[in-house]
Each structure stands twice: as structure tokens, then as C-alpha cells.
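[1] Task: produce atomic coordinates for the following.
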Amino acid sequence: MSNDTGSQPTASDQDPYAPIPVDLKNPTTAAILAWLVPGAGHLYQGRRGKGILFLVCILSIYFLGLSMGGGRVVYAKWDNTEKRLPLFCQLGVGLPAMPALIQSALIRQKMDPIEINGVRFMAPPADVNEMADLHRTYGYLFEMGTLYTMIAGLLNVLAIYDAGAGPVWMIPDSEKKKRSREAADSSSDDEEEEAPSDETKRNQSAESPA
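    Down below sits the predicted model:
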């Protein structure tokens, strides 16, 4: 099978398990774009199928989780009352999680957080009483929304790796075992061909001068 350019067959043409060459362009740029917006790094590389898949799936999971908690499950807070560890996972989704950092910065500067339709969107709870109110209002959906947004961020970490390093190449275990057996058989055959037989040795000894 020849490639599109009409040049010599590549390794992937000869070996069905060989990696397919992928033009990653600038891997660093692709990884940054993939973090800022899920799928953007792949679209930059021209890998449209993966780019659209990551964009739709990861952002759908993220915004579904965000809506479960009324836009309050993603927030930044790190003080004596709470250390919001889920944020480290949620930040993996990139720009969609950035409002949480902006709202936290406004509160630290003694400013009122931005409200959307009366909701302190992605702003940290003012105190434990407000946190209790959020759990009473949304119930288990608040925790589910937190989990969904965390999963979305972690999934995008895998997409970032794929954009920066390319597809992971793996050979099935059955193929590995098959190739190991073939290599062992080939090595055994070579040794048999190289080692002279006993009869050959005797003939060589008889022909040699005394």
C-alpha cells in the first residue's frame, strides 16, 4: 500500500501495528491550546475528529456538572475554613474554570463578587452557613456536580497529553507473544545454520594434512 504522496511505503503501511505519523506542529502550543479550551490543540494540529470529540464531550460534562449545583460547585477557596481541593482537578478544563479564580480574587480584595441573575456565579461561599444553604438547596446534586466537573478536568489532562505527545502506540499482548515466538524460532534457526554438524567436522579433519 502506498501513501498519498507516492513515496516509498512507510512502516505503518508494512506493519499494521506501527504508529501512524501525526504532524503535531508545535507540541507546546498545542498542549497550551488544549488546556485553555478542550479540543483546541487538536483542531490546531488539524486533527478535527478528536478536537470536536473532546470539545463536545468534555465541555458537556463540565457544564452539566456546573448546572447541577447552580453554578456554585466550581470555586476557589483556601483558608482556615475550607481548602477547596477539587479545584485542582476542575482547573484542568482551562478557561471555563477561570471565573472561579477571578471571583476569589475579588473577594480577597474586599470587593463584591460578580453576580449573574442574582447568583454569585462560581464565587466561594461566604461562610459555613452559606455552604449549608447550598447543600440544602441542591442536595446530592451539589456533590454530583462537583464530581462531574472534576472528571471533566481530569479527562482534559489526557487530551492535553495527546495533543502534546501524540497518540499512544500499543501492541496487543497476543501480537507481542507472537513476535517473541517468531524471534526465538528465527534465532534458533540461525544457530543451527551457523553450527557445523559432527559429520562436517569429521570430513574436515580427514581432509586436513597430517
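[2] middle-most residue in this structure, spatially?
    Closest to where the C-alpha atoms of the chain average out (Cα atoms, centre = their mean) is L158, at 1.0 Å.
[3] who's in contact with it?
    For L158, the set of contacting residues under the criterion of Cβ atoms under 8 Å, 6 or more residues apart in numbering is empty. C-beta coordinates here come from the backbone N, C-alpha and C atoms, glycine included.
[4] Report pLDDT for it.
    The confidence metric pLDDT takes the value 97 at L158.
[5] ok, now P16?
    Residue-level confidence at P16 comes out at 78, pLDDT.
[6] And it, how far from P172?
    Distance of P16 to P172, computed by Cβ to Cβ, to the nearest Å: 11 Å.
[7] and if you look at A163?
    Here A163 is placed at a distance of 25 Å from P172 (Cβ to Cβ).
[8] who's more crowded, the two?
    Remark: of A163 and P172, A163 carries more neighbours, 32 against 9, as counted by other Cβ atoms under 10 Å.
[9] can you pull the buried residues of the helix or strand where that one lies?
    Element membership of A163, judged by DSSP states H and E, is helix 140-165. Buried positions in helix 140-165, judged by neighbour count with 16 or more other Cβ atoms under 10 Å: 141-142, 144-146, 148-153, 155-156, 159-160, 162-164.
[10] where exactly do the helices run in this protein?
    Along the chain, counting by DSSP state H, helices occupy 11-14, 27-36, 40-44, 48-68, 86-90, 98-108, 128-138, 140-165, 173-194, 198-207.
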